[in-house]
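J.: let's see this in three dimensions:
(chains A and B)
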There are 2 protein chains.
Amino acid sequence: MDLIYRGKTKDVYKDNNGEIVLYFKDDMTGKDGVFDPGENQVGLKVEGSGIAGLQMTSFFFEKLNAAGIPTHYVSADVENREMRVKKISVFGEGLEVICRFKAVGSFIRRYGDYIEEGAELPAYVEVTLKDDERQDPFINEAALEALNILSADEYKEIADLTVKISEVVKDELAEKGLDLYDIKLEFGRDEETGEVLLIDEISGGNMRVYKDGEYIEPLKLNGYMFDK
Amino acid sequence: MDLIYRGKTKDVYKDNNGEIVLYFKDDMTGKDGVFDPGENQVGLKVEGSGIAGLQMTSFFFEKLNAAGIPTHYVSADVENREMRVKKISVFGEGLEVICRFKAVGSFIRRYGDYIEEGAELPAYVEVTLKDDERQDPFINEAALEALNILSADEYKEIADLTVKISEVVKDELAEKGLDLYDIKLEFGRDEETGEVLLIDEISGGNMRVYKDGEYIEPLKLNGYMFDK
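T.: Numbers count the residues shown, from 1 in each chain, chains lettered A, B, ... in the order given. Prediction:
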């Protein structure tokens, strides 16, 4: 397989048939050895995190595909940390779409004058640009249009999909007594059909989950979700 | 008259009839003696800046009132730096609504990966919260709704008014060969009728204006606008 892109937590390969394979590494985003889903750098290496991330991702993408929500997911080989996906192109240089059910993190740092930490939010959606140099700047719908990154229709489609997907994840977690505070999704366009697809991964690495008011580390999440 | 609020560049009084009077001070926002409309602190005192600000403000508010655009402006006594206004309440703790025709300043700091400095923007509108402690955080429509600061209808009304008002200012400046790059407006609700009104001021202090590609200092603007 040919390496075509080396990412922070995943590498992208093209196999001999020209199909795209994501390889889940044991690297996690964070700072000074502490995991932080909002960080832009690899902060720590944790053995087993690649397998855990793919186990969770394949679980959710299969649920979403079954529910008729379009994703890039084709199949997964969890043992070998490989996920086969459709070919996509990203919007601009890539977007991160965040859905928040509880006011924590940067939402509180920005709007703490108006809301208590941990207060409920109605599946609030916001978008940031993937731009390490500029610390993933927050962007609104009008700027996404002005910069030709998304049309008004695409914005609405992505925002609606984000709420739908995040509710699916929230409901699955709730069945295990877990509480989803926020989640970060990525979207792309199917290179063949042009359809908007959920891409990347859904794992502990891109959500904040609590149980009885206590934060659950990403790697502990798999235990709650898949163990008896 | 009773002082009811001491602002950075204006003080607010209530006169003996209970009417509201704004007093334009000679203080300007900026840092280390350099004017900056985006700054949250008073950075310099310039004799004549109060009169210049009110001269410009009354000029534009009279134009806007005549054009049927709702503002808080009642009358002005430029010599005495007093502007009589309607009683209003602000949205939340106050919003700043920015309209950009050219990509400069914080827009470039955020989105410089997607657009050249100085490139045209189609009357792009963005909102920030007035919150000195949190450096006036940028906020999107969904968060304004989630935090009960604006309804979806109010957001649309304010965004539409912002484009209309900014175009009026841009056209007036263009008649003097001046080029409006961006402008910061504020809105409130008429305490009697509930109507959304343009409030605060429109002066050199809240816009970036260029002539033949060169930045024009706020106080020099009055010379271009009103001198023969």
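
J.: let me know the helix or strand that residue A:96 is in.
T.: Using DSSP states H and E, residue A:96 sits in strand A:95-102.

J.: packing partners for the helix or strand following that strand?
T.: Using DSSP H and E, the helix or strand that follows strand A:95-102 in sequence is helix A:106-111. Where contact means 3 or more CB pairs under 8 Å, 6 or more residues apart in numbering or on different chains; DSSP states H and E, helix A:106-111 is packed against strand B:138-139. Where you see a C-beta, it was placed from the backbone N, CA and C, and this is true even at glycine.

J.: adjacent strands (with direction) for the strand it packs on?
T.: Applying DSSP bridges, strand B:138-139 is found paired with strand B:120-129 (antiparallel).

J.: contacting residues around the strand it pairs with?
T.: The set of residues external to strand B:120-129 that reach it, using CB atoms under 8 Å, 6 or more residues apart in numbering or on different chains, is A:110-111, A:113-114, A:140, A:142-143, A:146, B:92-103, B:107, B:115, B:136-140, B:144, B:149, B:158-159, B:162-163, B:166-167.

J.: would you mark the buried spots in that strand?
T.: For strand B:120-129, burial by neighbour count (16 or more other CB atoms under 10 Å in any protein chain shown) applies to B:121, B:123, B:124, B:125, B:126, B:127, B:128, B:129.

J.: okay, the angle between it and strand B:95-102?
T.: 170 degrees (axes from the mean of the first three to the mean of the last three CA atoms, to 10 degrees).

J.: how many neighbours does residue A:149 have?
T.: By other CB atoms under 10 Å in any protein chain shown, the residues close to residue A:149 number 21.

J.: same deal with residue A:175?
T.: 8.

J.: now it. Its backbone dihedrals?
T.: With angles defined as degrees, to the nearest 10, residue A:175 sits at phi -60, psi -20.

J.: one more: the one 5 residues further on?
T.: The main-chain torsion angles of residue A:180 are listed as degrees, to the nearest 10 and equal phi -80, psi 120.

J.: go ahead and confirm it touches residue A:170.
T.: Yes: using CB atoms under 8 Å, residue A:180 is in contact with residue A:170, at 4.2 Å.

J.: shared neighbours of those two, anything?
T.: With CB under 8 Å, 6+ apart as the test, residue A:180 and residue A:170 both reach residue A:101.

J.: which bits of chain A sit near chain B?
T.: For chain A, the residues in contact with chain B (CB under 8 Å from any CB of the partner chain) are A:92-93, A:107, A:109-115, A:121-122, A:124-126, A:129, A:131, A:133-134, A:137-143, A:146-147, A:149, A:159.

J.: got a quick ChimeraX command for the buried subset of those residues?
T.: Buried residues among the residues of chain A next to chain B (16+ other CB under 10 Å), as a ChimeraX selection:
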select /A:92,107,110,111,114,115,121,124,125,126,129,131,137,138,139,140,141,142,143,146,147,149,159
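
J.: show me where pLDDT drops low in chain A?
T.: A:228 (pLDDT under 70).

J.: for residue A:168, helix, strand, or coil?
T.: At residue A:168 the chain is in helix, as set by DSSP: H, G, I helix; E, B strand; the rest coil.

J.: which residues are in contact with it?
T.: A:60, A:63, A:64, A:67, A:69.

J.: could you rerun that using 10 Å?
T.: By CB atoms under 10 Å, 6 or more residues apart in numbering or on different chains, the residues touching residue A:168 are A:60, A:63, A:64, A:67, A:69, A:202.

J.: let me know the secondary structure of the residue nearest the centre of chain A.
T.: For chain A, the residue nearest the mean C-alpha position is residue A:185 (3.5 Å; CA atoms, centre = their mean). Three-state assignment for residue A:185 (three-state DSSP): strand.

J.: counting neighbours, what do you get for the nearest residue to it once chain neighbours are set aside?
T.: Closest residue to residue A:185 apart from its sequence neighbours, by CB to CB, 6 or more residues apart in numbering or on different chains: residue A:97 at 4.8 Å. Close neighbours of residue A:97, defined as other CB under 10 Å, add up to 22.

J.: check the gap between residue A:97 and chain B for me.
T.: Distance from residue A:97 to chain B, counting by CB to the nearest CB, to the nearest Å: 12 Å.

J.: next: residue A:192.
T.: 26 Å.

J.: ok, now residue A:96?
T.: Distance of residue A:96 to chain B, computed by CB to the nearest CB: 14 Å.

J.: which stretches in chain A count as helices?
T.: Assigned by DSSP state H, the helices in chain A fall at A:49-66, A:106-111, A:141-146, A:152-175, A:218-226.

J.: which one, of those helices, ends up nearest to residue B:215?
T.: Checking those against residue B:215 by CB to CB gives helix A:141-146 as the closest, at 22.2 Å.

J.: dump the closest one to CSV, restricted to CA.
T.: Below are the C-alpha coordinates for helix A:141-146, written out as CSV (Å, rounded to 0.1, in the frame of the first residue of the first chain):
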residue,chain,number,x,y,z
GLU,A,141,-22.2,30.6,8.0
ALA,A,142,-21.7,34.0,6.2
ALA,A,143,-17.9,33.7,6.2
LEU,A,144,-18.1,30.0,4.9
GLU,A,145,-20.2,31.4,2.0
ALA,A,146,-18.0,34.5,1.5
